[in-house]
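S.K.: Got a predicted structure here, sequence first:
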Amino acid sequence: MLRKISILIFALSIAASSSYAASPRPVCARHAMVVSAESLATNVGLSVLKSGGNAVDAAVATALALGVTEGYSSGLGGGCFILIRMATGETVAIDGRETAPMKATRDMYIPRDSLAPTDLSQTGVLAAGVPGELAALDLALKRFGRLPLTEVIKGAVALADTGFPISRFYWERLEFNKEKLSRFPGTRSVFFTSDTTVLQWGERLIQKDLAATMRAIEKAGVDTFYSGPIPQMIVDYVASEGGILTLQDFENYRPHAREPIHGNYHGYEILSMPPPSSGGIHLVEILNIIEEIGIGYLGAGSAGATHAIAEAMSRAFADRAVYLGDPDFSTIPIEGLTSKAYASELRAGIHRWEHVNPFGAGVPPGWMPDTTDGHTTHLCVLDEDGNAVSLTATINTGFGSGVVVPGVGIILNNEMDDFVTNPGMPNYFGLVGAEANEIKPGKRPLSSMAPTIVLQNSKPYLVVGSPGGPRIITTVLQVIVNVVDHNMHLQEAVDFPRMHHQWLPDRLFLERGFPIDAIADLQRRGHKIAYGGLWSGATAILSDTTTGMVFGSTDSRMEGAALGY
Ligand code: DON
C-alpha cells in the first residue's frame with residue numbers, strides 16, 4: 001500500500017514539475033534584452049539601447065532593420081502592431097494595420113468568370129492595402145521614445161545600402177517564392193541574377209532604392225512616405241499594373257493608439273492586441289477556458305491537455321469567424337468574449353473524452369491551408385528601466401504581394417487577403433469570416449497578430465509574440481502555458497512541439513514530436529490529426545523578478561538572435 005502511495009506521489013510530482021531538458025538554456029542578461037527573428041536587426045536594436053535609447057527606440061530601430069534584412073516578412077510596404085508597457089504603468093496598443101484602398105469593393109476578388117485569376121488578393125498590386133508600419137513606428141517613437149527618427153533609422157539605412165549576405169533561411173524563402181517574384185520587374189531587379197536564378201545563399205543583397213527611400217525619410221520625416229513624390233511613384237506604378245491605390249489613400253492613412261486587451265491567467269495579468277486583431281481577444285478567451293482544467297497537472301504534450309486546449313481553441317476560432325473585424329466598422333463584443341463567465345459556459349460544453357465538432361464544419365475535398373510559407377516577424381525589447389515592447393510586423397505571406405515598387409524599393413503587402421474576399425471561401429490560412437470582416441473602403445482587415453506582455457505583480461514578466469497567421473494566437477498561448485502551467489524555462493517553452501486547432505478545417509494540427517501514444521489517444525477521442533509544415537516562430541523575453549535576470553529566446557525552428565547586457 002505504502003509503495004503504491006509513494007509511486008503515486010512520484011508520478012504526481014513528475015507531472016507537476018514537468019521540467020524538460022531538450023532545449024539549450026535561453027540567453028541570459030542582467031539589465032536589458034532585445035530579441036528578434038534576425039540577428040543583424042537584433043544587433044541594431046541592442047546598439048540603440050546601449051547608446052541611450054529606451055525599449056521603444058530599440059524596438060523601432062529593430063523593426064526598421066527587420067524590414068531590410070528580413071524583407072520577405074515585414075517592411076515599409078506592410079503594417080504592424082506595437083504593444084507598449086512603460087515602466088510608469090502606461091500601456092498602449094498601436095495599430096499600424098493596412099487599410100483597404102478607397103476604391104476597394106466587397107466583391108473585388110470574386111472571379112467574374114472561370115478564366116479570371118483567383119489569386120488577386122494574394123499576388124500583384126491589387127492585393128495591397130495602404131501601408132501602415134512607418135506611421136505606427138513614428139507614433140510610438142514620438143509618444144514614448146527618447147531618440148529622434150534620424151537616429152533610430154540609421155542602422156536600417158546602412159543595411160539596405162551596403163547589403164548583407166543572404167542567409168540560408170532567406171534563400172529558402174526566395175526559392176520557394178521564385179515563380180511569384182519573377183512576375184514583377186522591380187522584384188526581379190533586386191532578387192534575381194538571371195531570368196530564372198535568384199540570389200544564392202551567401203551572396204550579398206543590396207537594396208539601393210530602399211536605402212534611398214529611407215534616406216529621404218531620415219531627412220524629411222515620415223510624412224515623405226505619405227505625401228509627395230514617394231507615394232506618387234508608388235501609386236503611378238500600381239496604376240500601371242491595374243491596381244487601385246491612390247495618393248489620397250496614402251495621405252489619409254492614420255495609425256491608432258488603442259486600449260489593449262486585458263485578461264488574467266493563474267494570477268498573471270495578460271495584455272495583448274485588440275481589434276482589428278483577433279489575437280488578444282482569443283488568446284484571453286482560450287486561456288480563460290482552460291484555466292480551470294488543470295493543464296499543468298495533465299502534463300505538456302499529454303493527450304488530456306492537448307484535447308482540452310484543442311477544444312478551447314476551436315470554440316474561440318468559431319467566435320473569431322463570426323464576431324471579429326475592424327472595430328471602427330462594427331461593434332465587437334470584446335467584454336463578453338474575454339469574460340470568465342462566457343469561458344465557463346464554453347468550458348461546460350467541452351466533453352472530457354471526446355472531440356465534438358458541434359458546428360457541423362466540413363473540409364472541401366483536397367483542400368488544406370497552406371502553411372509552408374506564411375511570413376511575419378516579431379520582436380521583443382525590455383530595457384533597464386522596465387519599459388517593455390512587443391511588436392509584430394508583417395507584409396502577410398512570404399514577400400507579400402511579390403511586388404517591389406521600382407524606384408522605391410519597398411515590397412507591397414498582400415494584406416487584403418486577410419479580409420473575407422469571397423464569402424464562404426477560406427483565405428490563405430484557411431480562415432473564414434463573416435460580414436464583420438468583409439471589404440469596405442478604408443477598413444482594416446482582421447488580423448491574428450498577438451504581441452503580448454504578461455505582468456507579474458504589475459511588472460513585465462513575459463514579452464512574447466510570433467508569426468504564423470492563425471497559429472500566432474495558439475503559439476503565444478502555448479508559450480504562456482508552457483511557462484505558467486508546465487514550469488518550463490523560456491527556451492523549452494518556445495521550442496516545445498506545438499498543436500493548433502482553428503475550428504475550420506476540423507483538424508488537430510500537430511508538430512512532429514508528439515508521442516505516438518498521445519496521438520493514438522487523441523484519435524480515439526475523435527480528433528482528425530494533420531501534420532503542419534513550417535509552423536510559427538516565437539520570440540520571447542522573460543524577466544525573473546526574483547533574481548533580476550532577463551532571459552531571451554528565439555525559436556529553434558527559425559533564425560534570430562537574443563542579445564542583452
Ligand atoms: O495579420 C495576420 O493575421 C496575418 N497577415 C499574419 C500573417 C502571418 O503571420 C504569416 N506568417 N506566417
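M.R.: Right, received. Where do you want to start? Everything numeric here is computed off the predicted structure, so don't read it as measured data.
S.K.: buried sites along stretch 315-325?
M.R.: With burial defined by 16 or more other Cβ atoms under 10 Å, the residues of stretch 315-325 counted as buried are 315-321, 323-325. All C-beta spots, glycine's among them, are computed from the backbone N, C-alpha and C.
S.K.: Which members of those occur in helices, if any?
M.R.: Here DSSP state H is the test, and the buried residues of stretch 315-325 give 315-321, 323 as lying in helices.
S.K.: List phi and psi for T377.
M.R.: When read as degrees, to the nearest 10, the backbone of T377 gives phi -140, psi 160.
S.K.: Find the residue closest to it in space, skipping its chain neighbours.
M.R.: The shortest distance from T377 to any non-neighbouring residue, by Cβ to Cβ, 6 or more residues apart in numbering, is to S73 (4.2 Å).
S.K.: Need the pLDDT of the one you found.
M.R.: Reported pLDDT at S73 in the predicted model: 98.
S.K.: pretty sure it is in a helix, no?
M.R.: No: per DSSP: H, G, I helix; E, B strand; the rest coil, S73 lies outside any helix segment and is coil.
S.K.: G526: what's it in contact with?
M.R.: 354-356 (Cβ atoms under 8 Å, 6 or more residues apart in numbering).
S.K.: repeat that for 10 Å
M.R.: Applying Cβ atoms under 10 Å, 6 or more residues apart in numbering to G526 gives the contacts 307, 351, 353-357, 506, 508.
S.K.: how about it, secondary structure?
M.R.: Assignment for G526 (three-state DSSP): coil.
S.K.: where does it land on pLDDT?
M.R.: G526 is assigned a predicted lDDT (pLDDT) of 95.
S.K.: I'd say Q207 and R215 touch.
M.R.: No: counting by Cβ atoms under 10 Å, R215 is not a contact partner of Q207; they are 11.9 Å apart.
S.K.: Now do the shared contacts for those two.
M.R.: 160-161.
S.K.: Of these two, which one has the most company?
M.R.: Taking other Cβ atoms under 10 Å, Q207 and R215 do not tie; Q207 has more neighbours (25 against 14).
S.K.: What is the neighbour count of the residue nearest to that one when sequence neighbours are not counted?
M.R.: Excluding the flanking residues, the one nearest Q207 by Cβ to Cβ, 6+ apart is A160, at 4.4 Å. By other Cβ under 10 Å, 27 other residues sit near A160.
S.K.: Equivalent analysis for E345, please.
M.R.: E345: 12 neighbours (other Cβ under 10 Å).
S.K.: Contacts only, for it.
M.R.: Residues near E345 by Cβ under 10 Å, 6+ apart: 289, 315, 339.
S.K.: Which secondary structure state does the first one sit in?
M.R.: Read that as I289. Under three-state DSSP, I289 comes out as helix.
S.K.: rewinding a little: which other helices and strands contact the strand or helix carrying the residue nearest to Q207?
M.R.: In this assignment (DSSP states H and E), A160 forms part of helix 154-162. In this structure, helix 154-162 makes packing contacts with helix 39-50, helix 55-69, strand 204-205, helix 208-220, judged by 3 or more Cβ pairs under 10 Å, 6 or more residues apart in numbering; DSSP states H and E.
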